[in-house]
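Peer 1: sequence unavailable; structure follows:
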């Protein structure tokens, strides 16, 4: 009887509190929905930026040297490493500056990455916004075929199939056709175009300046990376593991920010819960006084009101998690557009479960706080006064 | 009647701070209640009735003096022990019934049995008491579905379900019409006779007081002769 009695009491009391209970449930749901939506969106972005990390790194080891580009002679080091069997393949990317006319006849400056395909890309295909599942080798196989990043696509106002004239320094100009749009692989704003080596001469008559080299290793990536650091102290050398850590660090800050915003929403919702519970408690002062008069002690009352808070938190948490999951789809799509990344919507069970747990936790904290009242309400005068009022 | 009192109040004083002043509500009140006795307490508003009821029922503590309830000095007990005394030795009936609105009549009566440390499974006693007060057919009704007289009878059954040494009733007929009030007093006297419970009734009603074994009159915090 005891086991069935208290849950029934809690359920009936919650139902009797009607609009107040509903308001508290809505407050919990709103707060939880905010946290779940933002966390799910952040998780989806994290997944987008870290799942294809080898492709983003360009291979097992990447070397980038924007400030002091490598010369063809410098690249002999990679040939030697390959002849020693320490790397299985490598490819160098030279870069140059170019411009094209964008929307409203504005001249848009950007970087052009000149690649040799194959072997580029060594690390796997990059994520394509369009066409999905595109392959670099197939997309830039004809003269004039180019790939552009989604940021450049937005700046130029062009899409797949668009034609444009690209001007480098000292070249005759490249009549380019956009064959694919590559998603961003980091938070870094990157307006870049990828062209095949055969078209490089139309853009510039200068010697190629190699700003990036990618390699796949046969053995230890760390050992190769250390050798490259010794050979090119001015360059930045990064293994896949290091790239992953770097991306996770960037995304971690982003997730923390999103969590903070979500928790702020929950805190604001908490004030609503607090008010609703306060109001419920004021209405039930006589009941509390009577329970104390009968000999029930504070832990039982905490249990009773905690039970109601648990129920409110559970219902609000489940509802908020559901709404948050739906909202996160919208937020993720907006974020993907804003960050120019390609995302696959990810619904993480852990985030959903923690949404429900957060709802219960917040309801418990904000609901039990107002019940930490002084023991005055137990006094006879209070019972009698409340009784007369009733 | 046994010579050992159920309730012994000795030189009880109660003072409370009111702003910068100390107000004395009870001034050396002493009396005994013996087992099975029904005593009425009368006095004008502000005479200290409610304060005294609070002290003897373990809801409040005296500033000075002793309160022995069923052999236990309750004046200096901890909050925890006082709660235990209230759960086991005292039953309370209020003017406005104070039933829990979400619970049925039976559940309201059973409620005191669920205090931790008690056996809450004694549904038989709760049913029996409700039958005794004439509500055996209204077990599953909520307070809002009962008349005032019926609600007060449920409150009486609730007060007695733990078989307390002392039943404290504050204006139990105050919200009832005279006929229902008389019926309730009949019920209290009948239960007193059957259960041998000691009853302290605070009232302004002379007719109610007249049915008690004796009357305590309180004025300005002191007991005065009849």
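Peer 2: Yep, it's here. Note that the coordinates shown come from a computational prediction; the quantities given were computed from them, not determined experimentally.

Peer 1: show the pLDDT at the nearest residue to residue B:133 once chain neighbours are set aside.
Peer 2: Nearest residue to residue B:133, sequence neighbours excluded (Cβ to Cβ, 6 or more residues apart in numbering or on different chains): residue B:153, at 4.0 Å. C-beta here means a position set from N, CA and C on the backbone, and glycine is covered the same way. On the pLDDT scale, residue B:153 is placed at 91.

Peer 1: give me the number of residues near residue B:153?
Peer 2: 27 (other Cβ atoms under 10 Å in any protein chain shown).

Peer 1: can you confirm it is in a strand?
Peer 2: No: Residue B:153: not assigned to a strand; according to DSSP: H, G, I helix; E, B strand; the rest coil it is helix.

Peer 1: what's next to the longest helix seen in chain B, contact-wise?
Peer 2: Longest helix in chain B, counting residues (DSSP state H): helix B:178-195. For helix B:178-195, the external contacting residues (Cβ atoms under 8 Å, 6 or more residues apart in numbering or on different chains) are B:36, B:38, B:132-134, B:147-149, B:152-153, B:156, B:160, B:163, B:167, B:169, B:172-173, B:176, B:197, B:199, B:201, B:205, B:207-208, B:211.

Peer 1: now do the contacts for the residue nearest to residue B:133.
Peer 2: Residues near residue B:153 by Cβ under 8 Å, 6+ apart: B:133, B:134, B:135, B:184, B:187.

Peer 1: from residue A:318, how far off is the second one?
Peer 2: So the one you mean is residue B:134. Counting by Cβ to Cβ, to the nearest Å, the separation of residue B:134 from residue A:318 is 46 Å.

Peer 1: out of those two, which sits in the more crowded spot?
Peer 2: Neighbour count, other Cβ under 10 Å: between residue B:134 and residue A:318, residue A:318 has more, with 19 against 14.

Peer 1: now the more buried one. Nearest residue, chain neighbours left out?
Peer 2: residue A:356 is the one closest to residue A:318 (Cβ to Cβ, 6+ apart), at 5.8 Å.

Peer 1: quick one: list the elements packing against the lengthiest helix in chain A.
Peer 2: When chain A is parsed with DSSP H, its longest helix is helix A:240-283. Judged by 3 or more Cβ pairs under 8 Å, 6 or more residues apart in numbering or on different chains; DSSP states H and E, the packing partners of helix A:240-283 are helix A:19-50, helix A:53-57, helix A:221-231, helix A:298-339, helix A:349-368.

Peer 1: if you set the cut-off to 7 Å instead, what comes out?
Peer 2: Here helix A:240-283 touches helix A:19-50, helix A:53-57, helix A:349-368, going by 3 or more Cβ pairs under 7 Å, 6 or more residues apart in numbering or on different chains; DSSP states H and E.

Peer 1: which of the ones you listed sits most buried?
Peer 2: Among the helices and strands packed on helix A:240-283, the stretch with the highest mean neighbour count (mean count of other Cβ atoms under 10 Å in any protein chain shown) is helix A:19-50, at a mean of 24.

Peer 1: quick one: that one to helix A:298-339, angle?
Peer 2: In terms of direction (axes from the mean of the first three to the mean of the last three Cα atoms, to 10 degrees), helix A:19-50 departs from helix A:298-339 by 40 degrees.

Peer 1: before we move on, the earlier item: relative to residue B:132, how far out is the residue nearest to residue B:133?
Peer 2: As judged by Cβ to Cβ, residue B:153 and residue B:132 stand 9 Å apart.

Peer 1: again with residue A:162
Peer 2: Following Cβ to Cβ, the distance that separates residue A:162 from residue B:132 is 93 Å.

Peer 1: between the two, who's got more neighbours?
Peer 2: Taking other Cβ under 10 Å, residue A:162 and residue B:132 do not tie; residue B:132 has more neighbours (18 against 15).

Peer 1: for the more buried one, give me phi and psi.
Peer 2: phi -60, psi -40 (degrees, to the nearest 10).

Peer 1: ditto for residue A:147
Peer 2: phi -110, psi 150.

Peer 1: do the same with residue A:112
Peer 2: Dihedral pair for residue A:112: phi -110, psi 130, per degrees, to the nearest 10.

Peer 1: doesn't residue A:89 lie inside a strand?
Peer 2: Yes: according to three-state DSSP, residue A:89 belongs to a strand.

Peer 1: residues touching it, list them.
Peer 2: The contact partners of residue A:89, by Cβ atoms under 7 Å, 6 or more residues apart in numbering or on different chains, come to A:119, A:122, A:215, A:216.

Peer 1: nearest residue to the second one other than its sequence neighbours?
Peer 2: When you say that, I think you mean residue A:122. Closest residue to residue A:122 apart from its sequence neighbours, by Cβ to Cβ, 6+ apart: residue A:59 at 3.7 Å.

Peer 1: I figured the one you found hits residue A:215, correct?
Peer 2: Yes: the criterion here is Cβ atoms under 7 Å, and residue A:59 meets it with residue A:215 at 5.4 Å.

Peer 1: check which helix or strand covers the most centrally placed residue in chain B.
Peer 2: A centroid search over chain B (Cα atoms, centre = their mean) returns residue B:168, at 1.3 Å, as the residue closest to the centre. Assigned by DSSP states H and E, residue B:168 falls within strand B:166-170.

Peer 1: for that strand, the distance to its chain's centre please.
Peer 2: Its chain's average C-alpha position is 1 Å from that of strand B:166-170, according to Cα atoms, centre = their mean, to the nearest Å.

Peer 1: what helices or strands is that strand leaning on?
Peer 2: The criterion is 3+ Cβ pairs under 7 Å, 6+ apart, and the helices and strands that strand B:166-170 contacts are helix B:49-56, strand B:90-93, strand B:198-202.

Peer 1: can you redo the ones you listed as a markdown table with mean pLDDT and distance to chain A?
Peer 2: Putting these into a markdown table (pLDDT from 0 to 100; distance: least, Cβ to the nearest Cβ, whole Å) gives the following:
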| stretch | mean pLDDT | distance to chain A |
| --- | --- | --- |
| helix B:49-56 | 91 | 3 |
| strand B:90-93 | 92 | 6 |
| strand B:198-202 | 94 | 9 |
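
Peer 1: and the ones you listed as TSV, adding mean neighbour count?
Peer 2: Below are these laid out as TSV (neighbours: other Cβ atoms under 10 Å in any protein chain shown):
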stretch	mean neighbour count
helix B:49-56	25
strand B:90-93	26
strand B:198-202	25
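
Peer 1: and residue A:341, which of those is closest to it?
Peer 2: strand B:90-93 (68.1 Å; Cβ to Cβ).

Peer 1: right, I'll call it a day here.
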